[in-house]
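Engineer: Attaching a predicted model along with its sequence, questions to come.
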Amino acid sequence: MESFSGAIVAAAMGLAAAGQAPPAVPASAADPFQPDYRQELNNQSQTTSEQTKATPDAAQPAATVSQSVEAEAALAMPTKAVKQLQSFTDADIKFSLRELMQILRDSRHEGWVLAAYPDPKTGHPLIGAGFTLDLPARDHPQPDQLNPHPFIEPSSAELWQAAGLDAQRLQTILTQFDDRMAAWTKKGFRRKIKTLTPQISDDDATQLLRVSAIEAVFNAKGYCRDFDRLSAPQQMALTQLVYQMGFNLQEFTQFLALINGYSGSTEAAAVSPAANNLASDAGYWKTVQQSLVQSQWARLYRVRAVAVIAMLDPEYGDAPRTAEQRVGAMLRPAVVHRRGARGGASRPAASRTAPRGERRWAGRASKRRQSKRGV
């Protein structure tokens, strides 16, 4: 990249000496590391389009054509983050990446939409199994001096490149998304999700999901220094947490302190595999599970949380349904606040599914209380 930048500067100086203005950088060469790179791509695309109309290809100077070829070649060059993602092998994890991808496609988790749609909370454009289309690259230093695994936080454009997809198509999808958001608003947009015309193929979405899952694996290792000592379900659970929460997982300080604070001896485990009882310590993992059960994430996304937290159970591999039932018993239902209720009362959402006889009894009891109060 440094040699390419030098060539650009040299070419620009040569053109300036000859009394010519240096050509604009093609839209595809915009820096994806800047937060406003979407606007930069739009501006440069318009400039390039106007110059193309004014000057036929045959009349362009040789230096301009050569520079354009070099720019395209530079764009095709993978970044450090892309190379790191491409270095992944199945031997790096104990679980099946394909199985994780199938789970993430499930409606209980991320779902599967082949056109850009807004995130219900942030409004960012998503596609496929919740792939975010407009995130910039972020610096994520490793605060744990005992963890040799670095974090990688590439931009959406880099992940798109790692999936082997065309950069210009990404810009087209983003532009169309912005137009629809302006016309429909976020709520109206989400009502139309099921009727949207696909913008990518099923294979494209699968490739995006794969590189995103691999990124989650790398960052799961960054969050847990003992990742390689975990069982296959435990590794998958942590990878799912990273996939779903991304950068925000660092806010789960109690959970992260627990998974990195096991009292077992790492040195002893390195000498004797039998000493590695981290993955099978039931009492320890119950404490880890409880730290997640108490989180707002678990209460808001109860079904998804039960499935993920249960995987941390050392017995999950032998009895997954039993492990999920144990987590379900610990995780209280979300509370529903009813508008206009007297005194701001609230009750668990599960009460709406109580047997019909119990609901009738509760209704009569409520009327008796109101009668006594003179309501």
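Structural biologist: Good, I have the coordinates. The structure presented is a predicted model; accordingly, all values stated were derived computationally and were not measured.
Engineer: Mind telling me what element the closest residue to Glu315 other than its chain neighbours is part of?
Structural biologist: Nearest residue to Glu315 in three dimensions, chain neighbours excluded: Ala323, at 6.1 Å (C-beta to C-beta, 6 or more residues apart in numbering). In short, each C-beta sits where N, CA and C put it, glycine included. Per DSSP states H and E, Ala323 falls inside helix 320-330.
Engineer: So for that helix, mean pLDDT?
Structural biologist: Mean per-residue pLDDT for helix 320-330: 95.
Engineer: And for stretch 158-177?
Structural biologist: Here the average pLDDT along stretch 158-177 is 96.
Engineer: gap between the two ends of that stretch?
Structural biologist: 19 Å (C-alpha to C-alpha, to the nearest Å).
Engineer: from now on call the first residue 728
Structural biologist: Taking 728 as the first residue, the last one we looked at is stretch 885-904.
Engineer: Next, the buried residues of it.
Structural biologist: Buried residues in stretch 885-904, counting neighbours by 16 or more other C-beta atoms under 10 Å, are found at 885-890, 892, 894, 897-898, 900-901, 904.
Engineer: so what's Pro852 up against?
Structural biologist: 843-846, 859-861, 900-901, 904 (C-beta atoms under 8 Å, 6 or more residues apart in numbering).
Engineer: My guess is Lys919 contacts Ala910. True?
Structural biologist: No: counting by C-beta atoms under 8 Å, Lys919 sits too far from Ala910 to count as a contact (10.6 Å).
Engineer: Just want to know which of the two has more residues nearby.
Structural biologist: Neighbour count, other C-beta atoms under 10 Å: between Lys919 and Ala910, Lys919 has more, with 12 against 9.
Engineer: how about that one, what does it touch?
Structural biologist: Here Lys919 is in contact with Trp911 (C-beta under 8 Å, 6+ apart).
Engineer: number of nearby residues for Ala843?
Structural biologist: Here the number of neighbours of Ala843 (other C-beta under 10 Å) works out to 26.
Engineer: hang on, it in a strand?
Structural biologist: Yes: counting by DSSP: H, G, I helix; E, B strand; the rest coil, Ala843 is located in a strand.
Engineer: I'd assumed Thr924 was in contact with it.
Structural biologist: No: using C-beta under 8 Å, Ala843 makes no contact with Thr924, being 10.9 Å away.
Engineer: about what we covered before: widest-spaced pair of the buried residues of stretch 885-904?
Structural biologist: Farthest pair in these (C-beta to C-beta) is Ala889 and Phe904. Separation: 21.0 Å.
Engineer: For stretch 975-994, list the C-alpha coordinates in PDB.
Structural biologist: Extracted C-alpha coordinates of stretch 975-994, given in PDB (Å, rounded to 0.1, in the frame of the first residue of the first chain):
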ATOM      1  CA  ASN A 975     -20.600  -4.200  23.100                       C
ATOM      2  CA  LEU A 976     -19.600  -7.500  24.700                       C
ATOM      3  CA  GLN A 977     -16.800  -5.600  26.500                       C
ATOM      4  CA  GLU A 978     -19.500  -4.000  28.700                       C
ATOM      5  CA  PHE A 979     -20.200  -7.400  30.200                       C
ATOM      6  CA  THR A 980     -17.400  -6.900  32.700                       C
ATOM      7  CA  GLN A 981     -18.600  -9.400  35.300                       C
ATOM      8  CA  PHE A 982     -19.000 -12.200  32.700                       C
ATOM      9  CA  LEU A 983     -15.600 -11.400  31.200                       C
ATOM     10  CA  ALA A 984     -13.900 -11.400  34.600                       C
ATOM     11  CA  LEU A 985     -15.400 -14.800  35.400                       C
ATOM     12  CA  ILE A 986     -14.400 -16.500  32.100                       C
ATOM     13  CA  ASN A 987     -10.900 -15.200  32.500                       C
ATOM     14  CA  GLY A 988     -10.600 -15.800  36.300                       C
ATOM     15  CA  TYR A 989     -10.800 -19.600  36.600                       C
ATOM     16  CA  SER A 990      -8.800 -20.600  39.600                       C
ATOM     17  CA  GLY A 991      -7.400 -23.700  37.900                       C
ATOM     18  CA  SER A 992      -3.700 -23.700  37.000                       C
ATOM     19  CA  THR A 993      -3.000 -22.900  33.300                       C
ATOM     20  CA  GLU A 994       0.600 -24.100  33.700                       C
END
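Engineer: Buried residues in that stretch, which are they?
Structural biologist: 976, 979, 982-983, 985-986, 989.
Engineer: Export the residues you listed as CSV, with columns for pLDDT, distance to Gly850 and secondary structure.
Structural biologist: Listed next are the buried residues of stretch 975-994 as CSV, based on pLDDT from 0 to 100; distance: C-beta to C-beta, whole Å; DSSP: H, G, I helix; E, B strand; the rest coil:
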residue, pLDDT, distance to Gly850, secondary structure
Leu976, 95, 21, helix
Phe979, 96, 24, coil
Phe982, 97, 27, helix
Leu983, 96, 28, helix
Leu985, 96, 33, helix
Ile986, 95, 32, helix
Tyr989, 90, 39, coil
